[in-house]
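> below are the sequence and a predicted model; questions follow.
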Amino acid sequence: MPELHYIIRGIRQTEKGTRIAALHQYVLQVSPQASKGDIKQAVESLFNVSVRKINTQCYEGKWRRLTRQLGRRASWKKAIVTLAKGQTIELK
């Protein structure tokens, strides 16, 4: 298993992420190779919380044109982590 800070790439602070934070859900950008078990273990040990449920979505990188060259954005994976009642993750 890779190191825990390589699994969690960051917290995505968006409008939707702010709304669902009231429901004890947080949106994280994670490694595309990480499984739900890896994500759960990383979140519980890094943030010292207990995880109830994890939903994941994979996003394919989009093609973009940069002047005359075609380029592709990186593919990434999003995890929506639901915590137990009364627990939060400190957002900075």
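Looks like it arrived, so ask away.
> quick one, helices of this structure?
Along the chain, counting by DSSP state H, helices occupy 4-7, 15-20, 36-47.
> out of those helices, which one sits most buried?
helix 36-47 (a mean of 17; mean count of other CB atoms under 10 Å). C-beta coordinates here come from the backbone N, C-alpha and C atoms, glycine included.
> give me the contact list for that one.
If you take CB atoms under 8 Å, 6 or more residues apart in numbering as the criterion, helix 36-47 is touched by 1-2, 4-5, 7-8, 28, 30, 34, 49-51, 54, 56, 79, 81, 89-90.
> check stretch 54-69 too.
30, 32, 36, 39-40, 70-82.
> next one: stretch 85-92
Ile11, Gln13, Ala21, His24, Tyr26, Phe47, Val49, Ser50, Leu83.
> the fourth one: neighbouring residues, count only.
Neighbourhood size, His24 [other CB atoms under 10 Å]: 17.
> state the number of residues packed around Lys77.
Look at Lys77: counted by other CB under 10 Å, it has 17 neighbours.
> give the closest residue to it in space, chain neighbours not counted.
Closest residue to Lys77 apart from its sequence neighbours, by CB to CB, 6 or more residues apart in numbering: Pro32 at 4.6 Å.
> for this structure, which segments are assigned as strands?
Assigned by DSSP state E, the strands in the chain fall at 8-11, 25-30, 51-59, 63-66, 69-72, 76-83.
> and the ones you listed as a markdown table, adding distance to Gly17 and mean pLDDT?
A markdown table is the format used below for the strands of the chain (distance: least, CB to CB, whole Å; pLDDT from 0 to 100):
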| stretch | distance to Gly17 | mean pLDDT |
| --- | --- | --- |
| strand 8-11 | 8 | 92 |
| strand 25-30 | 4 | 95 |
| strand 51-59 | 13 | 96 |
| strand 63-66 | 24 | 92 |
| strand 69-72 | 25 | 93 |
| strand 76-83 | 9 | 96 |
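> buried ones only from the contacts of stretch 85-92, please, as a PyMOL command.
Buried subset of the contacts of stretch 85-92, written as a PyMOL selection, criterion 16 or more other CB atoms under 10 Å:
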select buried, resi 11+21+24+26+47+49+83
